[in-house]
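**Student:** sequence first, predicted model second:
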Amino acid sequence: MTRAAVILAGGAGTRLRPLSSDECPKQFLRLWRGRSLIEMTFDRIARLVPEDQIFISTNEQYRKLTLEHLPRLKPENVIAEPARRNTAPAIALCCFTIAERLGDAATIACLPSDHFIADEPGFIHVLDRAYAYAESHDDLVTIGITPTDPNTGYGYLELGDAIEDEVIRLRRFTEKPSQEKAEEFLRVGNYAWNGGMFIWRASVFRDALTKASPDIATVTLANYESMPNISIDYALLEKAPNVATIRGDFGWSDVGSWEALRASGAEIPEQF
């Protein structure tokens with residue numbers, strides 16, 4: 001089986017301004033013993049995926065910065081979007097490019113570049129299980145994060161029946177809840193945080209996207225700027241009937257606030 005990965009690194013890191021900036025957004029800040037989140041993400045994925053089959057989705061503005069942080073990355077594996085159009089067009093362009101290079105049977109993980117994971121072996125286990133399931137089933141797979149508190153800053157996944165060991169049918173995506181709703185989700189127990197991590201075979205993704213958002217399924221570099229600005233959740237996953245979830249509890253944080261940044265052990269410069 002051919003495994004590939006897309007690291008999503010086009011974000012501007014607006015929630016951590018002014019430490020994060022347009023010139024050097026969150027994923028490129030070397031705050032973890034001299035390492036950046038994108039470096040740590042690449043090294044994690046490289047434990048499961050050949051390095052020459054890891055791709056970076058980023059903005060043209062960050063092509064050079066990406067290669068500076070990832071010297072082992074093949075330059076041709078940087079897929080730079082000519083304009084910011086959110087995750088649906090970016091992921092589609094990358095998955096179609098990978099399918100052209102590696103074939104429609106390639107199984108692709110799409111993972112954020114700017115998240116912190118404390119328990120890397122735990123994460124690797126969950127990602128490996130997700131790959132294995134996606135390789136043999138015609139489902140789109142998400143990784144759900146086991147909630148540790150009633151956080152209102154995350155979207156939630158409502159989980160249904162078990163499909164097989166560790167794999168659960170996704171019932172629906174739920175937007176960021178009120179405090180009361182978040183507490184209810186935690187109490188009920190069949191909810192997970194949406195960590196924005198997805199795994200699927202290239203052919204399964206193309207078929208599902210063509211049905212859910214046919215306009216985005218036509219994406220190329222030439223027509224990229226005409227694509228709608230929409231997330232992969234809205235364009236595909238909330239519409240698709242064949243979504244499965246694997247839950248994980250591996251010390252995950254989207255590092256989306258100053259509090260989360262400090263909790264991750266980042267070495268924050270004194271002036272911030």
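**Tutor:** The structure has been received and is ready for your questions.
**Student:** CA only for contacts and neighbour counts going forward, please
**Tutor:** Will do.
**Student:** which stretches in the stretch 101-250 of the chain count as helices?
**Tutor:** Secondary structure of the stretch 101-250 of the chain by DSSP state H, counting those that start in this stretch: the helices cover 120-136, 179-188, 202-212, 232.
**Student:** in the second one, which residues are buried?
**Tutor:** Residues of helix 179-188 classed as buried by neighbour count (16 or more other CA atoms under 10 Å): Ala182, Phe185, Leu186.
**Student:** so what pairs up with the spatially most central residue of the chain in the strands?
**Tutor:** Residue closest to the mean C-alpha point of the chain, counted by CA atoms, centre = their mean, is Leu111 at 2.8 Å. Residues in a beta bridge with Leu111, per DSSP bridges, are Ile7.
**Student:** who are the neighbours in contact with it?
**Tutor:** Listed by CA atoms under 8 Å, 6 or more residues apart in numbering, the contact set of Leu111 reads Ala5, Val6, Ile7, Leu8, Gly196, Met197, Phe198.
**Student:** do Thr14 as well
**Tutor:** So Thr14 contacts Ser20, Ser21, Pro25 (CA under 8 Å, 6+ apart).
**Student:** who wins for neighbours among those residues?
**Tutor:** Neighbour counts for the contacts of Thr14, by other CA atoms under 10 Å, peak at Pro25, which reaches 22 neighbours.
**Student:** how close does that one get to Ile124?
**Tutor:** Distance of Pro25 to Ile124, given as CA to CA, to the nearest Å: 26 Å.
**Student:** ok, back up a step: can I get the buried residues of helix 179-188 in a markdown table including distance to Glu81 and pLDDT?
**Tutor:** Below are the buried residues of helix 179-188 laid out as a markdown table (distance: CA to CA, whole Å; pLDDT from 0 to 100):
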| residue | distance to Glu81 | pLDDT |
| --- | --- | --- |
| Ala182 | 35 | 94 |
| Phe185 | 37 | 95 |
| Leu186 | 38 | 94 |
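**Student:** out of those, flag the one nearest to Asn151.
**Tutor:** Nearest to Asn151 among the buried residues of helix 179-188: Ala182, at 6.4 Å, using CA to CA.
**Student:** please report the distance of that closest one from Lys211.
**Tutor:** Distance from Ala182 to Lys211, by CA to CA: 32 Å.
**Student:** packing partners for the longest strand along the chain?
**Tutor:** The single longest strand within the chain, with elements called by DSSP state E, is strand 191-201. When contacts are defined as 3 or more CA pairs under 8 Å, 6 or more residues apart in numbering; DSSP states H and E, strand 191-201 packs onto strand 107-112, helix 120-136, strand 140-145, strand 156-164.
**Student:** how far off centre is the second one?
**Tutor:** The reference is to helix 120-136. Relative to its chain's centre, helix 120-136 lies at 14 Å (CA atoms, centre = their mean, to the nearest Å).
**Student:** angle of that helix against strand 156-164?
**Tutor:** 70 degrees (axes from the mean of the first three to the mean of the last three CA atoms, to 10 degrees).
**Student:** same check on the third one?
**Tutor:** Our comparison of strand 140-145 with strand 156-164, counting by the same axes, to 10 degrees, yields an angle of 120 degrees.
**Student:** buried set for strand 140-145?
**Tutor:** Quick answer for strand 140-145 (16+ other CA under 10 Å): Leu140, Val141, Thr142, Ile143, Gly144, Ile145.
**Student:** determine which two of the contacts of Leu111 are furthest apart.
**Tutor:** Ala5 and Gly196 (13.8 Å).
**Student:** Leu73 contacts Pro50, correct?
**Tutor:** No. Contact between Leu73 and Pro50 fails when scored by CA atoms under 8 Å: they sit 10.6 Å apart.
**Student:** more neighbours: the two, which one.
**Tutor:** Leu73 (19 against 13).
**Student:** check contacts around that one.
**Tutor:** Leu73 sits in contact with Glu51, Asp52, Ile54, Phe55, Leu67, where contact means CA under 8 Å, 6+ apart.
**Student:** now the buried members of these.
**Tutor:** Glu51, Ile54, Phe55, Leu67.
**Student:** Ala266 - that's part of a strand, no?
**Tutor:** No. Secondary structure assignment (DSSP: H, G, I helix; E, B strand; the rest coil) places Ala266 in coil, not in a strand.
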